[in-house]
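Peer 1: any chance you can model this:
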Amino acid sequence: MTTIATIFEANMTEITVTDPSSLGAALRKARKALKISQEDLSLQTGISRTTIRAIEQGKQTAHVGLVLQLCRDLGLTIVVTTPDSMDRL
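Peer 2: Residues are numbered from 1 along each chain as shown. The predicted structure is shown next:
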């Protein structure tokens, strides 16, 4: 499976993201590590609990902007890895 991106938690733990499900799992792991409930995260971010739950469950139609906001608010950094052939462009 191709790596889409790598997420680094605040403590620099590397999480490989290959699809919406693994991205959602990374977000859920970060939220739980911070001991924040979905409801509290919803109140802090203004993103509905339903949307947070859907993103954590790997919903493929989640808005990229909301996913990026959750990453930012949870202290995650996303690093996109490109194929070697892209370096020559």
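Peer 1: the strands in this structure, which residues?
Peer 2: Here the chain has its strands, by DSSP state E, at 5-8, 14-17, 77-80.
Peer 1: ranking those by mean pLDDT, which is last?
Peer 2: Note on these: strand 5-8 shows the lowest mean pLDDT, a mean of 57.
Peer 1: what confidence value was assigned to the residue lying closest to Lys59 once chain neighbours are set aside?
Peer 2: Nearest residue to Lys59 in three dimensions, chain neighbours excluded: Pro20, at 6.6 Å (Cβ to Cβ, 6 or more residues apart in numbering). All C-beta spots, glycine's among them, are computed from the backbone N, C-alpha and C. Each residue has a pLDDT score; the one for Pro20 is 91.
Peer 1: again, but for Ile4
Peer 2: For Ile4, the model assigns a pLDDT of 49.
Peer 1: could you give the number of residues near the closest residue to Ala54 other than its chain neighbours?
Peer 2: Leaving aside its sequence neighbours, Ala54 sits nearest to Ala62 (Cβ to Cβ, 6+ apart; 6.3 Å). Ala62: 19 surrounding residues under other Cβ atoms under 10 Å.
Peer 1: got the contact list for the residue lying closest to Gln60 once chain neighbours are set aside?
Peer 2: Nearest residue to Gln60 in three dimensions, chain neighbours excluded: Pro20, at 4.9 Å (Cβ to Cβ, 6+ apart). Counting by Cβ atoms under 8 Å, 6 or more residues apart in numbering, Pro20 touches Gly58, Lys59, Gln60, Ala62.
Peer 1: top of these by number of neighbours, please.
Peer 2: Going by other Cβ under 10 Å, Ala62 tops those with 19 neighbours.
Peer 1: ok, now how distant is it from Ile15?
Peer 2: Going from Ala62 to Ile15 by Cβ to Cβ, to the nearest Å gives 17 Å.
Peer 1: tell me the contacts of the closest residue to Arg49 other than its chain neighbours?
Peer 2: Among residues not flanking Arg49 along the chain, Ser42 sits closest, at 4.3 Å (Cβ to Cβ, 6+ apart). Shown in contact with Ser42 (Cβ under 8 Å, 6+ apart): Ser48, Arg49, Ile52.
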